[in-house]
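Chemist: next come a sequence and a model predicted from it.
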Amino acid sequence: MPKYTATIGETQIEVELLNGNTEAKVNGEAIHIDPAWVTEDELSLNLLLGGQSYDLRIEEDEEHLHIAYAGNRYECDVIDTRLADLKKRAGDIGGVGGKTVVKSPMPGLVVKVTAEEGQALKKGDRILILEAMKMENDVKAPREGTLTKLSVAPGDTVEGGRELAVSE
């Protein structure tokens with residue numbers, strides 16, 4: 001089952017989607033989900049969680065999801081839990097030299113490649129966009145370096161763990 005870590009400010013929320021995304025465990029607590037997109041552009045969402053209704057406006061930029069709810073705006077980062085665990089274990093690798101293989105955090109479809117071989121990358125620069133479960137996910141450079149190899153192209157279907165790019 002898909003598992004994600006959502007970070008809003010200093011708060012981390014663990015979410016596991018179950019039963020075709022109609023149920024979830026949020027920080028280990030089971031809840032029923034009934035989502036309904038209000039507009040065709042999929043920016044406005046009415047979400048019924050555990051019997052309570054939430055009207056959300058969701059926008060995405062290159063770095064974060066921006067969620068508007070009840071007059072407040074929240075910046076949210078969502079990451080596959082396996083990738084979050086790997087990042088936590090690896091710590092900041094910004095100063096480490098050598099080759100870095102960027103692998104797919106999940107199965108998906110390469111929608112767009114935004115970097116080119118030979119391009120200088122800074123930590124956090126977007127390399128490509130991977131679509132998984134109708135969500136677009138940025139695959140970013142884990143550290144500064146030069147993109148030496150692109151292993152995929154737009155339209156490629158990839159499995160989790162597949163090599164996407166190499167930087168040095």
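Modeler: Looks like it came in fine.
Chemist: quick one: low-confidence parts of this structure?
Modeler: Scanning the chain for pLDDT under 70 picks out the ranges 1, 21, 39-42, 84-97.
Chemist: care to break the chain down by domain?
Modeler: Taking automatic domain parsing as the domain assignment, the ranges for the chain are 3-80, 95-167.
Chemist: quick one: the helices in the chain?
Modeler: Ranges of helices in the chain, per DSSP state H, are 81-90.
Chemist: and the domains of the chain, which is most packed in?
Modeler: domain 95-167 (a mean of 16; mean count of other Cβ atoms under 10 Å). All C-beta spots, glycine's among them, are computed from the backbone N, C-alpha and C.
Chemist: what's near enough to touch Asp80?
Modeler: Neighbour list for Asp80: Pro2, Lys3, Tyr4, Thr5, Pro105, Met106, Asn137 [criterion: Cβ atoms under 8 Å, 6 or more residues apart in numbering].
Chemist: name the nearest residue to the first one, ignoring sequence neighbours.
Modeler: Right, Pro2. Of all residues not flanking Pro2 in the chain, Leu17 sits nearest, at 4.7 Å (Cβ to Cβ, 6 or more residues apart in numbering).
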